[in-house]
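> below is the structure, and that's it, no one-letter string:
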Ligand code: PHE
């Protein structure tokens with residue numbers, strides 16, 4: 001197999017920010033706020049934190065350890081540890097899931113870029129004249145414009161990936177992630193001055209205990225935790241494989257799990273107070289960011305600036321996540337099939353864009369294409385990837401790491417060794433994660 005010079009992160013900071021960039025994405029703002037809104041706010045947050053601690057962080061550490069100890073991208077990593085067995089194929093699920101997610105993620109990233117454009121050029125009166133919800137609704141049904149913005153989102157992602165790990169992913173993460181943090185901080189501070197801040201914060205932090213009795217809250221929380229950290233998609237194995245051997249992984253895994261959660265909570269503190277301050281409803285579904293928030297921005301002082309900052313934040317968050325999603329299939333094509341990075345980036349980027357076309361058109365000309373339960377194309381892809389492939393792949397990974405990877409090797413690879421923490425980590429992956437993820441998978445397969 002032609003082996004190009006092994007690509008690596010140049011610094012630990014670069015690795016951390018790139019992994020955090022992958023984790024922090026549309027999921028933290030656009031997805032977290034509506035999933036939390038629909039699942040009872042505070043109770044959801046509590047269950048979500050439990051899922052991160054019990055399953056999310058341990059599995060994240062496991063993925064880093066798999067990647068770093070084999071120094072291979074996600075599909076080859078398992079092949080290397082279990083040569084000749086079928087387990088090697090699990091890695092392919094990650095390659096598939098990341099490509100699928102990227103296909104429809106780029107559609108939403110396209111909407112973000114278009115809204116960013118409107119705010120930056122102060123052209124939001126276009127939206128105001130028809131009403132924000134209507135404007136968003138009619139925008140997504142257009143055939144061509146959204147496809148052009150989606151193409152721009154993919155093209156930007158490809159531009160980063162073609163430059164490689166250190167010159168592309170690491171470089172932009174070092175610049176964009178601190179920018180993202182500053183934007184979010186500024187928006188959170190502004191949000192604290194709004195009249196609805198207390199209500200928004202209460203919505204997010206005050207648990208409604210009765211929600212703990214609703215099984216769908218648990219399903220939603222684990223699904224969101226997986227999506228938000230970016231687990232079971234090969235990303236963290238692949239990013240871990242660019243780590244040189246010497247650095248401490250548990251701290252990295254905890255930093256990223258905690259950082260991702262912090263970003264989600266801070267985003268919630270931006271979104272909910274704004275929504276409550278203007279008497280709107282938080283449980284608005286995916287349209288929250290595009291239909292409800294622009295309305296909020298229009299009514300607040302300095303709204304155009306706030307709107308610009310908000311959509312810039314979303315655009316940065318989306319780009320650093322898309323980059324990681326494209327890197328998974330690209331690294332696979334380079335390492336398993338001997339393509340050059342350029343070929344892999346162009347071919348796979350184009351393919352993924354094509355797969356994403358129907359997801360965009362599903363809101364307009366293809367809106368008749370629906371599942372029996374009424375899901376459109378984008379939502380079906382999201383369902384397939386997030387509710388089926390992710391838990392399935394996550395379950396298999398947890399079983400692989402907890403049961404098949406010899407204990408001594410796994411604990412050494414995780415940097416925890418035979419400490420009490422090492423045993424706890426392995427026990428979580430061996431017993432707790434498979435049971436929880438298995439239940440979620442069953443719940444998703446047989447809803448209701
Ligand atoms: N974690 C990203 C988000 O929250 C999305 C993502 C999923 C990125 C899977 C990489 C892998 O939006």
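Ah, there it is. Quick caveat, the model's predicted, so the values are computed rather than measured.
> low-confidence stretches in the chain?
Low-confidence segments of the chain, defined by pLDDT under 70: 1-5, 246, 283-285, 447-448.
> give me the outermost residue of it relative to its centroid.
Outermost residue of the chain with respect to the C-alpha centroid, by CA atoms, centre = their mean, is residue 129; its distance is 33.4 Å.
> could you pull up the contacting residues of that residue?
Residue 129 sits next to no residue when contact means CB atoms under 8 Å, 6 or more residues apart in numbering. (C-beta placed from N, C-alpha, C; glycine too.)
> check which helix or strand it maps to.
helix 125-130 (DSSP states H and E).
> after that helix comes which helix or strand?
helix 132-141.
> quick one: buried residues of the helix holding residue 129?
By neighbour count on 16 or more other CB atoms under 10 Å, the buried set for helix 125-130 is residue 127.
> how about stretch 430-439?
Using 16+ other CB under 10 Å as the test for burial, stretch 430-439 gives 430, 433-434, 436-438.
> which one of those is nearest the ligand?
The ligand has its nearest neighbour among those in residue 437, at 15.9 Å by CB to the nearest ligand atom.
> ok, the closest one - contacts?
55, 222, 391, 394-395, 398.
> biggest separation within those, which pair?
Spatial extent of the contacts of residue 437 (CB to CB) is set by the pair 222 and 398 at 12.1 Å.
> joint contacts of those two?
With CB under 8 Å, 6+ apart as the test, residue 222 and residue 398 both reach 55, 437.
> picking up where we left off before, report the buried members of the contacts of residue 437.
For the contacts of residue 437, a burial check counting by 16+ other CB under 10 Å picks out 55, 222, 391, 394-395, 398.
> between these, which sits nearest the ligand?
residue 394 (11.6 Å).
> and the residue nearest the centre of the chain, how close does it get to residue 265?
The geometric centre of the chain, computed from its C-alpha atoms, lies nearest to residue 228 (CA atoms, centre = their mean), at 4.1 Å. As judged by CB to CB, to the nearest Å, residue 228 and residue 265 stand 11 Å apart.
> how far does the strand or helix carrying residue 93 sit from the chain's center?
Taking DSSP H and E as the criterion, residue 93 maps to helix 90-120. Centroid separation for helix 90-120 versus its chain: 9 Å, with CA atoms, centre = their mean, to the nearest Å.
> now do that helix against helix 132-141, angle only.
Computed by axes from the mean of the first three to the mean of the last three CA atoms, to 10 degrees, the angle separating helix 90-120 from helix 132-141 equals 130 degrees.
> check which residues of helix 90-120 are buried.
By 16+ other CB under 10 Å, the buried positions in helix 90-120 come out as 90-116, 118-119.
> what's the answer for stretch 126-142, then?
Buried residues in stretch 126-142, counted by 16+ other CB under 10 Å: 127, 132-133, 135-136, 139-140.
> the ligand contacts on the stretch 301-448 of the chain?
The stretch 301-448 of the chain has residues 321, 324-325 near the ligand, with proximity defined as CB under 6 Å from any ligand atom.
> sorry, back to before: list, out of the buried residues of helix 90-120, those positioned next to the ligand.
Checking the buried residues of helix 90-120 against the ligand by CB under 6 Å from any ligand atom, the ones in range are residue 101.
> ok so, going back, okay, the buried ones among the contacts of residue 437 in TSV with distance to residue 339 next?
Formatted as TSV, the buried ones among the contacts of residue 437 follow (distance: CB to CB, whole Å):
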residue	distance to residue 339
55	34
222	35
391	30
394	28
395	30
398	31
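> tell me the one of those nearest residue 273?
residue 222 (26.8 Å).
> what helix or strand does that closest one sit in?
In the assignment (DSSP H and E), residue 222 maps to helix 215-229.
> other SSEs contacting that helix?
Where contact means 3 or more CB pairs under 8 Å, 6 or more residues apart in numbering; DSSP states H and E, helix 215-229 is packed against helix 32-38, helix 42-51, helix 249-277, helix 390-399, helix 433-445.
> between these, which one is closest to residue 367.
Distance to residue 367, taken as CB to CB, is lowest for helix 32-38 among the helices and strands packed on helix 215-229, at 20.7 Å.
> residues of the stretch 101-250 of the chain that sit close to the ligand?
101, 227-228, 230, 233, 235.
> now the residues you listed as JSON lines including distance to residue 335?
Shown next, in JSON lines, are these (distance: CB to CB, whole Å):
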{"residue": "101", "distance to residue 335": "21"}
{"residue": "227", "distance to residue 335": "25"}
{"residue": "228", "distance to residue 335": "27"}
{"residue": "230", "distance to residue 335": "20"}
{"residue": "233", "distance to residue 335": "17"}
{"residue": "235", "distance to residue 335": "15"}
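> just the closest of these to residue 171, please.
The closest of those to residue 171 turns out to be residue 235 (CB to CB; 18.1 Å).
> didn't that closest one look like it was pressed against residue 22?
Yes. Counting by CB atoms under 8 Å, residue 235 touches residue 22, with 5.3 Å between them.
> need the overlap of contacts for those two.
Jointly contacting residue 235 and residue 22 under the rule CB under 8 Å, 6+ apart are 324-325.
> got a list of what the nearest residue to residue 62 once chain neighbours are set aside touches?
The shortest distance from residue 62 to any residue other than its chain neighbours is 4.2 Å, reached at residue 401 (CB to CB, 6 or more residues apart in numbering). Neighbour list for residue 401: 59, 62, 65-66, 410, 426, 429 [criterion: CB under 8 Å, 6+ apart].
> just the ones of the residues you listed in helices?
Members of those lying in helices (criterion: DSSP state H): 59, 62, 65-66, 410, 426.
> show me which pair in those residues is furthest apart.
Pairwise over those, using CB to CB, the maximum falls at 66 and 426, 13.6 Å.
> with neighbour numbers in mind, choose between these two.
Taking neighbours as other CB atoms under 10 Å, residue 66 and residue 426 compare with residue 66 leading, 28 against 22.
> verify the contact between the more buried one and residue 238 for me.
No. The pair residue 66 / residue 238 is not scored as a contact, 9.9 Å apart, by CB under 8 Å.
> great, nothing more from me.
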